[in-house]
Each structure stands twice: as C-alpha cells, then as structure tokens.
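**Student:** take a look and give me a structure for this.
(chains A, B, C and D)
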There are 2 protein chains.
Amino acid sequence: MNTIKDVAKKAGVSITTVSRVLNNNNYISDMTRKKVLDAMKELDYYPHQIARALSKKQTFIIGVILPDSSNPFFAQLLKNIEQVAQCKNYKVLLCNSLNDKEKELSYIKMLKENRVDGIIMGSHVLNMEAYKNITEPIIAFERYINNSIPYVTSDNYTGGQLATNHLIERGCKNLLHISGPLDLSIDANRRADAFKLTCIDNEIDYYIVEYQDLNLNFEYFYKFIETNIDKYLDKIDGVFCSNDILAYALYVYCKNKNINVPDTLKIVGYDNSQITQMLKTPRLTTIAQPIDLIGKILCENLIRLIEKKGDAYNQQLSVTFIKGETT
Amino acid sequence: MNTIKDVAKKAGVSITTVSRVLNNNNYISDMTRKKVLDAMKELDYYPHQIARALSKKQTFIIGVILPDSSNPFFAQLLKNIEQVAQCKNYKVLLCNSLNDKEKELSYIKMLKENRVDGIIMGSHVLNMEAYKNITEPIIAFERYINNSIPYVTSDNYTGGQLATNHLIERGCKNLLHISGPLDLSIDANRRADAFKLTCIDNEIDYYIVEYQDLNLNFEYFYKFIETNIDKYLDKIDGVFCSNDILAYALYVYCKNKNINVPDTLKIVGYDNSQITQMLKTPRLTTIAQPIDLIGKILCENLIRLIEKKGDAYNQQLSVTFIKGETT
DNA sequence: CTGAAAGCGCTTACAG
DNA sequence: CTGAAAGCGCTTACAG
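**Tutor:** Now for the predicted structure:
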C-alpha cells in the first residue's frame, strides 16, 4: 500500500507537506494542496491510522466490554454505542467477557496493550482491586466501582418501586422477586431494595431469590425456574422479575403448568428491549429502561472524558412503567 | 505508560533483548529472561501493540461489517465471530452499516486506513465495483461478490425446498413467499428460487412479494404486512417468510385480524436464532440456519486466509427443518 | 546469547 | 508557506 512518501514523491513535495494536507493544517498554498490531493487520489492513498496513532498517542478506539453481545439488551446497547462512536470518529473494539473473571481481566489487558482511548465497562465480575491500575478513561454501566469511575444507570430504585407498587395495586398479597446476584455493588440491585421496602411499607409478605449471572438466556432461566422457583409458586400471587427474558420464561413455565397468568399469578419484567417490544403474545408488563439513551450517554460521556471536554459525573436515567397482559 | 526502553534500563539490557523476551525468541539465557520479566512486572509494563503492529505490519484486528448488530441474527453471528477471534488472538472492530451505501463504503475506508488484517462482510448494499480495490483478505456472508472473495452461507436452496414442501404437505394450495430484495446476488435469494420451482413442480399457485432491506425489525415488518401483504391474505393458505421476525409479525397480524394460524393460514419462518428458539407462544415452524457455526467458520476461514494457511473456498452449511405450531 | 542501527509510516517542533 | 530531522515504541537483519 502506498505511503505518505509515495504521495510526496508524486506531488513533488516533502512528507511534511503531505502530512499537513492530511491534517488540514493551515498555511498551505492552494496549489500545493491540490497537487497533494491529486497525488493521493491517483495513488489510491489510505493514510496509515496505526502509524498516526503511534505518533499522536491516540488511537480513536474505544473498548467495549460486555457480558454477552448477543443478549438482546446488550446487543441494543452495543449498537447504540457503536453508532455514537462512529459519528464522533471513534471505532469500537468488542469484548465478550461471558461474565468470566479471567476473560474480563485479559480483555482489560488487551485493551491497555492496544492503547485504546477509553473503555466502556458493562461486565462486572471483577472486584474493585482490579480497577486500581486502569489509568485510561473509563466509564461503567450500572455499577459503582470507585469515585474516579463515573457510571451510567437507569433509576433502578424507582423501577423496583413502580413494579412492586403495580403488583400490590393489582391485589397481590404475596410477592416474589427474582434477582441477579446481590453481592456486587451493581446499581440494578437497588431494584431489590425497592421491592423489599415497598413490600414492608405495604405489609406484604415477600421472598427474594437470586440467580447466578452466567448465561442470561431463556433456557437457563427456564431451568432455573424449574429447580428454584417452582416451589414458591403455590405461596405467591405476584412476581417481579429482574429482566424480561426471565419474565417470559416464567410466563411460559406457568402456561405449561396450567397456572393462569395474570389471574392466578401476575408477572412484571424489566428492560423492555427491542425483543420485549416485539413480543405480543403476550405483551409483558415491564419496566422500560431507556436502552438507546443509555448507550448514547455512555459513549458520549466517555468521549467527553477522553477529550477532556468536561467532568465525569454519574448519570441516572428515568424508567417507564409499561402495562402489558401479564398483570 | 512504560516502554520497552524503561524495561531495558531497569533490567540492564538492550531493548533488542527485551523485544526478544516479548516475542519469546529463542537464544536468551534464562537469567536474562528472568531479569527482563521481573523488570516488566515491576514496571507494570504493557507492550504497545500499536507500535508492534506498525513494525510487523500486522494489527491482529478483524473488521466486521454488519447491517445491524442489534438484529438477533447478526447479534448471534457477531458474538460467535468475536469468540473465535478472541481464541486466536484477534480483535474485532465492529461496523454497523445500517444497509446504507455511504456508510458501508466509509467503513471499508476506515478498515483499510486502520490496516485491519481482514474483513468479514455481512452487509451487502454495495455493488461489485466497490470491491475491486479491496486488497486485504475478505470473506463474505451469504453473497457471491467475485471469484476472489470466498463466502459462507447456509444451504438456502434446500431451505426453501424444505419450507415449501412442508406447506404443500400440510395441504396448502395457494402460497406466498415474502422475500428480501431479489436484485442482489445474495445467496438467500435461492430460497425464492426453490420456492418458485417447488410450487411449479407441484402445480401450486404462488405469489412472491419483496420487502426492502432497511430496518429488519418487528415494527417495520408489521407495517409492511399491513400495506403490502394484507391484500393477499384471502387468496392464500400458506406463507413462507424469509425470516422469523417477519413470520412472527405475520402471526401477530393474523391474530389481530382473527385469522386462525395454522388452520386458515400456515406460516413458515427462517433463521431460528436464539430469539426464535426462545419464542414459545407460539413455537414457529421454521428453517434453522446453523448461525453459531456460520460465525465460527466465517472467522476461522478469514484467519486461515490471513495466515495463508490454506486456500479460500466457498462453504455451504446445511439447514434443518423445525416443526412448530404455525403449520 | 546480546546489542547497535535502521526501519515501520506517521507528526511536530524548529528553522528558514 | 515549506522542509529536514527527531521521535512515537516497537522489530529485525546484521555483526559480534
């Protein structure tokens, strides 16, 4: 492939001048610029961004670490991140941690070695220690890691309240919340806090069951329901699920067991990703996170950090209650 | 961040020696190696892969261009590509073309400028001309572009046959196929060929309607059905849809219009992505593409091309008929 | 087994 | 407005 040298030779100028045209620097005579641009076109020249990155110490690459980019929620988040990045001339390097500690760590190492300009962290299996030596701009989704890492989340507490209050208003007396792991400082866990407090306030009996954060797909959730949730089903009349795939799996399970939803059991989900929106049989009652907006803000804030155009601050986006047919 | 120079100084050796340790070159005394490794650890050294890429002329980056990484099919494909890449020490740069010509072109330019080692092309709005000056290893999904670009696809002709024959066996007499744009040389269009020939062979009346390849989501398909498909519904008793989201949209449309599926109208979809597998109300009758395998093979074959470990050849993977509740 | 030097393809003071 | 030279952080013949 042709280099700046080839262009310089063809245009009869120095490589410095070519570089100036490339960077649109001022102080180039129109004639010289034209000569250089012509030479570039003629040689089908592609500026070597890797070389440029080395000398400018900026790669314009953003690393995005997610548990699983094929999960509908993260797929939608990723797409929005990529679109914003693309608009601002950044590229996205994709990392699927599969919620595996080793993988998450090795991806961080990889991103550092590749001198990405910044990192969006959506996978959270590492403890805070691991973040001590990340010096590059970084922004987290849904998790407080430490004071120097801003995070973007939706208003999980309100989400939990909306879901729980709705179940109570619909007449539920015995509630169950199925949650992700509660031991990490994930903001999503405030949904469980809200659930608990709302139940207490309303003198409602409740249970909370945690699933493990491994494979967030239908199959896994269905099996989880069989082995860990089935035993609660005769004691409860309402369930608040921490995501919609789980909620749908529960709906299907009930259908198979001839438990009438919503008459006997009411189900509220969480997320309202594109896939949930597509589901019409039944439409799920759920709490909608503004996924597109979260992706957009994650990326915009990271780029602001990278370009030092403003301070990092945490951001909490509002959620919406969506009435479906499962309550 | 520390460089090879810092490590060399700390270890009391030359940078050449550090580089040798880094690359695990032979002929280093154990003592020297240990000194260097210790220095690296002490300095928390991260080898600068961008600098290495410049001198080795290899980035270990693969560019993946897709129409929309949030579409369930492509999300699953992407995830599998990334996982294979990661195993083989390659990184994935994600590009969402949104089936826009300009975007597709500018992503190609970007990938060339960043000297990616290879490209996986899953978006197909550009004509063949545009591929003339792509000199890097490239592999396409589902499209014949030219003889030097191998492609991976599933056996679309057989898929179309399986779907159509099934509808006929179930007693359908008037069939409709809803297809993507038929003007490009996309292998998926062989589904329409198979549909047509199978209908003719069986003396079945048929229609074919094309949708535009813009936004492959439920909303779009539902509206498309309202405006372009509704008028066929009283003339047909079976539909072969070119993807499952479309098939589900049609199912929902029929439900809303009180058209009984499968009694009055039978529906067959295509793809069987994770999302389709999750859908149980109803389970769709569909043709399963081996999405995970396609992703794997796309990536493996591209890497084989990059590393010149074998010839490029086209690959066609077999599909499976899945009986659901919509036929 | 080890090191000095040139080179990968750019950018950027510095000088003119 | 333009160019020569040093530098970004590595690798790789070449020499010893």
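**Student:** can you pull the contacts of the nearest residue to A:K57 once chain neighbours are set aside?
**Tutor:** Of all residues not flanking A:K57 in the chain, A:R115 sits nearest, at 7.6 Å (C-beta to C-beta, 6 or more residues apart in numbering or on different chains). Every C-beta, even on glycine, is put in place using the N, C-alpha and C of the backbone. Shown in contact with A:R115 (C-beta atoms under 8 Å, 6 or more residues apart in numbering or on different chains): A:A53, A:K57, A:T59, A:I61, B:M1, B:H48, B:Q49, B:I50.
**Student:** which of the residues you listed are buried?
**Tutor:** Among the contacts of A:R115, the ones that count as buried by 16 or more other C-beta atoms under 10 Å in any protein chain shown are A:A53, A:T59, A:I61, B:H48, B:Q49, B:I50.
**Student:** from A:S179, how far out is the second one?
**Tutor:** Looking back up the chat, that one is A:T59. Between A:T59 and A:S179 the computed distance is 38 Å (C-beta to C-beta, to the nearest Å).
**Student:** just to revisit the earlier point, and of the buried ones among the contacts of A:R115, the nearest to DNA strand C?
**Tutor:** Taking C-beta to the nearest atom of the strand as the measure, DNA strand C sits nearest to A:A53 out of the buried ones among the contacts of A:R115, at 8.3 Å.
**Student:** circling back to that earlier point, ok, the residue nearest to A:K57 to B:G12 distance?
**Tutor:** With C-beta to C-beta as the criterion, A:R115 and B:G12 are 27 Å apart.
**Student:** which of the residues in the helix or strand A:L293 falls within are buried?
**Tutor:** Applying DSSP states H and E as the criterion places A:L293 in helix A:291-306. Across helix A:291-306, burial judged by 16+ other C-beta under 10 Å covers A:291-292, A:294-306.
**Student:** how about A:I225, nearest residue that isn't a chain neighbour?
**Tutor:** In space, A:I225 is closest to A:Y253, 4.9 Å off (C-beta to C-beta, 6+ apart).
**Student:** quick check: that neighbour is in a strand.
**Tutor:** No: per DSSP: H, G, I helix; E, B strand; the rest coil, A:Y253 lies outside any strand segment and is helix.
**Student:** thinking it is in contact with A:F221, fair?
**Tutor:** No: contact criterion C-beta atoms under 8 Å: A:Y253 and A:F221 do not qualify, at 9.0 Å.
**Student:** what does the stretch 1-150 of chain A have sitting close to DNA strand C?
**Tutor:** Within the stretch 1-150 of chain A, the positions adjacent to DNA strand C are A:1, A:3-5, A:15-16, A:19-20, A:22-23, A:45-48, A:51-52, A:54-56 by C-beta under 7 Å from any atom of the strand.
**Student:** can you give me the helices in the stretch 101-250 of chain A?
**Tutor:** Taking DSSP state H, counting those that start in this stretch to define them, one finds helices in the stretch 101-250 of chain A at A:101-113, A:156-169, A:190-201, A:218-224, A:244-256.
**Student:** would you agree A:I287 falls within a helix?
**Tutor:** No: assessed with three-state DSSP, A:I287 is strand; it does not lie in a helix.
**Student:** could you report the neighbour count for the nearest residue to it once chain neighbours are set aside?
**Tutor:** Sequence neighbours aside, A:G159 is the residue nearest to A:I287 in space, at 4.4 Å (criterion: C-beta to C-beta, 6+ apart). Other residues lying near A:G159 total 28 when counted by other C-beta atoms under 10 Å in any protein chain shown.
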